[in-house]
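In: Okay, here's the prediction I keep looking at, along with the sequence it came from:
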Amino acid sequence: MTALPTSQVDRRQFAGWGLGILAVTPITFAGMLGCNKRNPPARIARYRIAGPSMNPTFWGCSRTLICQSCGVTIRVDEKLLQLAIEQASAVRHSSACWHCGTALAQTQLTAALKASALPPDVIDVSACVPTDLQDGDILLVEKHGIHVKRLLGKPGQTVSVDDSGRLLVDGRRPAFPSMPHVAVDRDRLRVSSRWQAVGEKATWQRRADRSWLAQGDSGWLAYKHQNVYRAAGPGRVLDDYPGNLGIERSLYPADGLSLRFQLSTPRSVEPTKVKVWVAYWTAQGIDVQHQTVVVHDAIDVAATTKPTSSAARERTASTMVPIDLLSPPQPIGVRLSSSAERRVEIRDLSVNRDVLYRINPTAPPIDVPASNRPPKYPFQLDGNEWFVVGDNVPLSIDSRSWGVVRTTDILGRVQSPYSDR
Ligand SMILES: [Zn+2]
């Protein structure tokens, strides 16, 4: 657990509560949408996102800045950028680049704030029927203002917390289709890659343009994570948020890793069959996935950790993955095998992690009425209660802080790529 050297604790509490109040501003009114009608009107209201509590899914008014050391683009909510500038001058601590750890100069932060803003996301919200709502839906709720939050717990479900502070719903970690992702590593931006070939038979070579080339059976290429806040030493992937500048918080080990890359077969005129294995270290064991793709030109490959039965996982892992390939600080391996010993090339290796829903470490202000105090875990939601959390888990003010929302507090469901069905 690592504390970012960015600010003071009292600042963080102030910032968190202040940022949570205004989550959206209405653009068009369609009357009261609501979520307690059997046949909701086919009305849609349009809102503009304000504040960072749903990053990285939705963004309020924001800026981008480019790390002058590694070149990664960092999108930052306007309010967090202002906070980072205040912190830099008040406590002489700079915010650091999440990707390489380099301190972001105050002059750069100030220049970014003066640059033209990225406009806030606009969302369409429709009326809904409570029984239609699914885990992971994004809701517009009214409680101390109007907010956009992710639905994690429904009536009748039990919300609890495990030993590491992660939220559980009916004993399981929240998981739903299209989990929101946070960036962990961008290989094309690294002069010195975190990926390395493992074993004598591995044929991987990294080229000057930062692509990787292999031939025939490539052997394993493994991702070794580094903690940029601890002198880039080896470490677990943590639940960092690239845009959360100007706040101090503890970071916790993250899982739910996923890998993306572009695969091609250079100088091959015929379609080539390529078998792709991706192996993950997870707390429950090694998770190996494989797929066969036919490459004509270039193809995008994505692989996400998916829990399989432990027996199947062990069987596959024992035959496929060398025993010392994966470990907590070296959590991903990739291996390719092409037909006819053809050359294969991968580029833009990108590691992401799922958003990880935890309890909120920030204590509420003392003047919060007793009815809006944080819940005491574990608790069961009654027939009228819903548990909602923002995707910017360390910053969002939500059911973890002001308790559950009632059915009548739900104004509608956000129509988005994450909740469209
Ligand atoms: Zn950087």
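Out: Cool, the structure landed.
In: can you map out the helices along this structure?
Out: Per DSSP state H, the chain has helices spanning 9-20, 78-90, 106-114, 310-320, 399-402. These are given in chain order.
In: helices and strands around the shortest one, which ones?
Out: Packing partners of helix 399-402 (3 or more Cβ pairs under 8 Å, 6 or more residues apart in numbering; DSSP states H and E): strand 146-153, strand 385-389. The C-beta positions use only the backbone N, C-alpha and C, and glycine is treated the same way.
In: and those as a markdown table, adding distance to the ion and mean pLDDT?
Out: Output for these, formatted as a markdown table (distance: least, Cβ to the ion, whole Å; pLDDT from 0 to 100):
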| stretch | distance to the ion | mean pLDDT |
| --- | --- | --- |
| strand 146-153 | 29 | 95 |
| strand 385-389 | 29 | 96 |
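In: Would you reformat those as TSV and include mean neighbour count?
Out: Rendered in TSV, the data for the helices and strands packed on helix 399-402 read as follows (neighbours: other Cβ atoms under 10 Å):
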stretch	mean neighbour count
strand 146-153	25
strand 385-389	24
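In: can you redo those strands as TSV with distance to residue 399?
Out: Formatted as TSV, the entries for those read as follows, by distance: least, Cβ to Cβ, whole Å:
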stretch	distance to residue 399
strand 146-153	7
strand 385-389	5
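In: Any idea which of those strands gets closest to residue 267?
Out: strand 146-153 (46.4 Å; Cβ to Cβ).
In: what are the pairing partners of the closest one, and which direction each?
Out: Here strand 146-153 is paired, per DSSP bridges, with strand 138-142 (antiparallel), strand 385-389 (antiparallel).
In: export these to JSON lines and tack on distance to residue 101?
Out: Rendered in JSON lines, the data for these read as follows (distance: least, Cβ to Cβ, whole Å):
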{"stretch": "strand 138-142", "distance to residue 101": "32"}
{"stretch": "strand 385-389", "distance to residue 101": "29"}
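In: closest one to residue 103 among these?
Out: Each of the strands paired with strand 146-153 was checked against residue 103 via Cβ to Cβ, and the shortest separation belongs to strand 385-389, namely 31.0 Å.
In: Contacts for the closest one, please.
Out: Applying Cβ atoms under 8 Å, 6 or more residues apart in numbering, the external contacts of strand 385-389 come out as 133, 139, 141, 147, 149-155, 157, 159, 167, 169, 357, 375, 381, 396, 398-400, 404-407, 409-410.
In: Near residue 379, how many other residues are there?
Out: The burial count assigned to residue 379 is 15, neighbours taken as other Cβ atoms under 10 Å.
In: what sits opposite it in the beta ladder?
Out: The partner list for residue 379 in beta bridges (DSSP bridges) reads residue 159.
In: Quick check: it touching residue 158?
Out: Yes - contact between residue 379 and residue 158 holds when scored by Cβ atoms under 8 Å: they sit 7.1 Å apart.
In: okay, now the closest residue to residue 77 other than its chain neighbours: neighbour count?
Out: Ranked by Cβ to Cβ, 6 or more residues apart in numbering and with sequence neighbours excluded, the top spatial neighbour of residue 77 is residue 52, at 3.6 Å. By the measure other Cβ under 10 Å, the count of residues near residue 52 is 32.
In: Equivalent analysis for residue 178, please.
Out: For residue 178, the neighbour count with other Cβ under 10 Å is 12.
In: what's the residue nearest to residue 77 in contact with, if anything?
Out: Residue 52 sits next to 19, 59, 60, 77, 79, 80, 243, 244, 392, 395 when contact means Cβ under 8 Å, 6+ apart.
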